[in-house]
Structures are given as structure tokens and as C-alpha cells.
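> Attaching a predicted model along with its sequence, questions to come.
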Amino acid sequence: MKHLIAVVFLTVLFAMISCEDSFLEKPVSSDLTVDSVFVSKIRTEQFLWNVYSTASIYEFNHFWSSTDNRFYHYGASGSLVSVATDELEVEGTYPAIPKYIHTGTWNAENIDNGSWGIEFMSHVCYAGIRNANIFIENVDKSPFPEEEKKSMKAEAIFLRALMHFDLMQRLGGISIVDHVLSVSSADDIEGVKIPRSTYSETVDFIVRECDEAAEHLPNVYEDNRYLGRIVKGAALALKARVLLYAASPLFNSPDGSTYVPVSDPELRKLIGYPDYDKNRWQLAAEASKAVLDWASGESGWCKLYDGQSNPVDRYEEIFIDHACPEVILSAGLAQTAGGYFCLFMLPGQIIPQGQNNPSNHAVTFNFTKLYQKADGTDQTWDETEGAEYPYSQYRQKLGELEPRFQASVFQSGTEWSRGSGTVYHFYETNTLQLKDVRGVGFMRKFVKGVRSGSTAPRWITFRLAEFHLNYAEALNEIDGSPAEIEWAINRIRRRVEMPDVSYAGQDATREIIRRERGVELAFEQHRFFDLRRWKTAGQEGLMKGTIYTLKLYDTKPEPTYRLEEISNRVWDDKMYLYPFRQQEVSLGYITQNPGW
């Protein structure tokens, strides 16, 4: 395929540009300056790759390193961000989310102290923005042809917009930095203290950036070296996601209410729109439709993946095939899996890592209940706490669930490596200790065939399925065509041979869409923000309250299972938006989000 999905960052790049400030901070007398970079084609291109490496969203823990703190920006410490939702649970000593977010002890002091972050480091986003601004302001000096310079500049504009979005989706209105900031004397300090823009201004800025980038980005790159370079569809996709979020209840509340009481009208503008406007959903629908139209038209390659002979393999392949035509943009360095990535992402008992404390991502029973049976009906979950049920019933119920569950979850009584003939029964008492898994099974999605030394998976930033669901959601909120809503949802379901759903009125269809979104986009970081933008995170069993598992026991004469509590999570409504770092607030130019 020619739609190239994974940027190959050359080793020489890291020798020359090992971090965001590696040579840009050298004095003018040094042998390498900004001017000397942009007179060279090779160095200009290498600098663009550096913008990619510091301004992309990558949520695996591949680069978790105690010697390079900027890589804490990639993924939560020790786990996927999805561990903060009802999707996943983890174990071990490394993951930070159970220690801080589950317990409600995260705050403006510890969310990102400048050298270590629980899940996110805002100053690393701004480092990426800084690199993008340097490139944007200097690429015209380079010896590339004019059209190529416009395209490369558009890539940097997109990445600058992506980092502003990554900040906005957590913080609301943010400080917009659209030029290089420099301080050469004390007189310049005030000029780099940029206050927050309103939420509306932040959305408008990102949308303008996407529109500008889309004008000059290609639909495809013909050179196979450029796996993962940004195409026009990525700019359309970012715009569509931004507008969907902006239309959602957290920021565009139908009754004008805020997630916590806010009396200051200026603060109100920072955390969302002061008034409700249904047209925001219309804009979101149009933007998502533009992505779908681009894919089916001018892209020439982008489509829902429809390969493989069975629906389980078909869904699973999306996340391991680097040439999957569904993926509009993905991120990650082209290297092998190893070290911390394997420790955090693979079931340590099945794939030994030579280290203690694997994270062992486990799928919760709460989330398992979202999956329907393969015939499109709901599974019967009538288990009660404390009662014992036969292991045969456990296997039957989980085995009846739809293909996306089978592709995403490694449960007891199945093979880790399909076709190997090795079946694992988690209740068995042996050195594997699989019976201690903190969910109905281990997460399988993303890591089929991955082991230490194998090719690492890529983090999917945008894939086409999301925009079918975005389109359906936005259409439903504006009372759009029921047939069009059904088409958008059922395109996703038919791919895995699930029966069609029918429009059932706005409220019921909203729940159908949200459920489908949870299943299709499981563990891809969407739910972490979806539950927030829908203002449902505080509902029991989602990001608050009791999380359950189906615990297996090696009883005689037959193994059994029980419904058991695995954790109890704390939620406060102030958590709908993150706090700004206390270091920034203390400087006096950043207004803190309410409740923090």
C-alpha cells in the first residue's frame, strides 16, 4: 500500500537531534545553528522528523525511560490510559493510574511535576509546539522546491495543531503558542507568559490550523520510505475530532450548566462555551463526513479494512498490519519491541520478560458487558457476588461474545497463540499464577505476535472507523437522517459480521452509538475522553465506584468462578478537566481550572 503509516526515524536523526533542545540552544558561535540547519536539505528534513518525534500522540509505553523524561509523555506511567476507565485493570508496582487516579489523590502538584508525570506532561507538548514553530518559521529558507516547502510546512502546522488539541482535550482553553518564543533578557520574560485563551478561541485556532494544513498536504506519498507521514486526511480527521468534542455536553451543555459550579464568567469561557448551540453538532457532522468522503474519493486508498477470512482475524489485523488501509495516521519509531514495552503490554506469565512486576492489562467485567453475543443479542449476566458458578458456564458465556471481544481478550480456556494447541486455564495452580489476573482475561488487542525483539506495534492516531461513529453521533444529535445514521453504524458492524442495528429514536440511538463506540474503539484512549465529554464519567462503574472481575477457583470436582470486586475508584466532578501544573499557576498568568 502507498498510504504509508509509520514514520521511519533514522538513527542518524537521533545522533544529531537527540532531544528537543539538542542543537537549537547552542550559541551562535557554535558549528550548528538554526540557519545552518535550514540551508541543508538533509538537515531540514531531519529537523522535520524531530518535530514528528516530539509532537505526536503515542500512547504505548514503548519509550518509558528513566534517562529521558520527555518519553513519559507517551502513555500513562506503566500502563495504557484506558486503565483509568472501566475498560482495564492492571497490577504490578509501575502503573501510576491505580496509585493516583483511582484513589483520587492526583492534583496540580503531582500530575506533572516537570520530570515525571502520571499520565501526561503539558510542558512536553509545548516542547513539540516549539519545534514545530521553529520549523514553520524557517523552512522557507531551505533549498526544497516551493511546493515541497508548502507541504512540509503543512506537516508542522498539523503537528502544532495536534499538540494544542492534546492539551485542550484535557485542560479546556489553553495558552496558544503560534510563534517561536525567545528570551534574551529580563525584559523579554513578560512576553512569554501567555495566558489561557478561551475554549472557543482554542477550538477555532486548531480548526484554522487544520484547514490551512489540508490545503497543502498530499493524499498519499509515493516513496515507501515515508511510512507515517501526514496526509490530507489526517488534517481533516483532527478537525472532525475537535469539532465533535466541542459539540459534546461537557463543553456545549444543553442546559448551560458546568461540570462544577462556576460563578466567574471569564472562567466559564475557559472551560467551555457559555451557551448551547446545536449547530456545533452540525459542524461536527459535516467535518466527519468530509473525512469519509476523502477516504472514498480523493485518497485513492483509505477504506475500512476487509481482509482475512474470518471476523476475529479481520479486526485483530487492523492493529498489527502497518499497511492497513483503514489507518489514516499512526505514530511510533520503527524499532523492535523490548524492555519496558513488553513488561507493560504483554501478559508476563505467558511471555516472560526477565523482569518482575508485569502490568498485565486485564479487561474488566464492567466493560465485558458492553459486548453483545455474536448473534447481536445481549448476553445474560445474572451472576451475584458470593455465589459460585461452573467453569463451563464461564467458558460458554465468554465464548459466545462477538468477534471483537475474541480478538481483544485472551480469556481462560483459549490459546494465547492461536493454532499453537496450547490452551491456558487460569484457575490452575502453577508457576504461571494466571488465576490472579485482575479481570475476565488479558488484553490481546495490539499485541498479537509481539514478543521481545519482534516488531513493535504502532499507536493509531486516526482510523476510518472512528469517523463513521463520529458521524453517526453528530447526526443523531441534530435529528439527522435515520437511514444515514444506520449506514454509518452498520458499516462498522458488518465488517465483523455483526447484525445491523436500527434507529430507535434519538435517546435510545445515542446509547447504541456509545456502546458501539466503546466496543469498536476499545483501549484506544477514546473512552477516557468520551466519558468525560459525555459527562458520564461519574456514573457508577465507569470511572467511579466498583470494578468487577470473574474470579476463577480450582474447586473440585469442577472449577468455578465468582463475581468479585477488584477495585473501587474515586471520582470528583472537578476531574472532568485536568488541573494545570501548579508551577505554571504560581507564576500568576495561568487561571487554574475550577475545583483544583
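Nice, I can see it.
> make it CA atoms for all contacts and neighbour counts henceforth
Fine.
> So which residues of this structure form strands?
Assigned by DSSP state E, the chain shows strands spanning 88-89, 327-331, 362-363, 389-390, 409-411, 414-415, 423-424, 441-443, 459-463, 545-553, 560-569.
> Spit out the contact partners of the nearest residue to residue 403 once chain neighbours are set aside.
Closest residue to residue 403 apart from its sequence neighbours, by C-alpha to C-alpha, 6 or more residues apart in numbering: residue 312 at 4.8 Å. Applying C-alpha atoms under 8 Å, 6 or more residues apart in numbering to residue 312 gives the contacts 403, 404, 406, 407, 496.
> Can I get those residues in CSV including neighbour count, distance to residue 60 and pLDDT?
Formatted as CSV, those follow (neighbours: other C-alpha atoms under 10 Å; distance: C-alpha to C-alpha, whole Å; pLDDT from 0 to 100):
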residue, neighbour count, distance to residue 60, pLDDT
403, 23, 24, 98
404, 25, 20, 98
406, 21, 22, 98
407, 20, 19, 97
496, 20, 25, 98
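> most packed of the strands of the chain?
Most buried of the strands of the chain, by mean neighbour count (mean count of other C-alpha atoms under 10 Å): strand 88-89, with a mean of 29.
> and that strand, what's its mean pLDDT?
Averaging pLDDT along strand 88-89 gives 98.
> Which neighbouring elements make contact with it?
strand 362-363 (3 or more C-alpha pairs under 8 Å, 6 or more residues apart in numbering; DSSP states H and E).
> residues making contact with the strand it packs on?
Contacts of strand 362-363 (C-alpha under 8 Å, 6+ apart): 87, 88, 89, 90, 409, 437, 438, 439, 440, 441, 442, 443.
> okay, those in TSV with distance to residue 233 next?
Formatted as TSV, those follow (distance: C-alpha to C-alpha, whole Å):
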residue	distance to residue 233
87	29
88	31
89	34
90	35
409	31
437	40
438	39
439	37
440	37
441	36
442	33
443	30
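> ok, the residues you listed vs residue 246, which is closest?
For the contacts of strand 362-363, the closest approach to residue 246 (C-alpha to C-alpha) belongs to residue 87, at 24.0 Å.
> And the pLDDT at residue 359?
pLDDT recorded at residue 359 is 87.
> just checking, it touches residue 96?
No - using C-alpha atoms under 8 Å, residue 359 is not in contact with residue 96; the gap is 10.7 Å.
> quick one, which of these two is more surrounded?
Shown here are residue 359 and residue 96; by other C-alpha atoms under 10 Å, residue 359 has more neighbours (24 against 21).
> what residues are up against that one?
By C-alpha under 8 Å, 6+ apart, the neighbours of residue 359 are 78-79, 90-95, 343-348.
> Residue 278 too?
247, 477, 478.
> Which parts of the stretch 101-250 of the chain are helices?
122-138, 146-171, 199-216, 232-247 (DSSP state H, counting those that start in this stretch).
> Report the central residue of this protein.
With distances taken as C-alpha atoms, centre = their mean, residue 525 lies nearest the centre of the chain, 3.5 Å away.
> what's in contact with stretch 496-509?
Against stretch 496-509 from outside (C-alpha under 8 Å, 6+ apart): 311-312, 314-315, 374-376, 402-404, 476-477, 479, 482-483, 485-486, 489-490, 493-494.
> For that stretch, buried residues please.
496, 497, 498, 501, 503, 506, 509 (16 or more other C-alpha atoms under 10 Å).
> CA atoms of it as PDB?
Extracted in PDB, the C-alpha atoms of stretch 496-509 (Å, rounded to 0.1, in the frame of the first residue of the first chain):
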ATOM      1  CA  VAL A 496     -17.100  -8.100  11.900                       C
ATOM      2  CA  GLU A 497     -20.200  -9.900  10.700                       C
ATOM      3  CA  MET A 498     -22.400  -8.500  13.400                       C
ATOM      4  CA  PRO A 499     -26.200  -8.000  12.700                       C
ATOM      5  CA  ASP A 500     -27.400  -4.500  11.700                       C
ATOM      6  CA  VAL A 501     -28.900  -2.200  14.300                       C
ATOM      7  CA  SER A 502     -32.000   0.000  13.600                       C
ATOM      8  CA  TYR A 503     -32.600   3.600  14.500                       C
ATOM      9  CA  ALA A 504     -34.700   3.700  17.800                       C
ATOM     10  CA  GLY A 505     -35.300   7.300  18.500                       C
ATOM     11  CA  GLN A 506     -32.700   9.900  19.500                       C
ATOM     12  CA  ASP A 507     -32.200   8.800  23.100                       C
ATOM     13  CA  ALA A 508     -32.000   5.100  22.500                       C
ATOM     14  CA  THR A 509     -29.900   5.500  19.400                       C
END
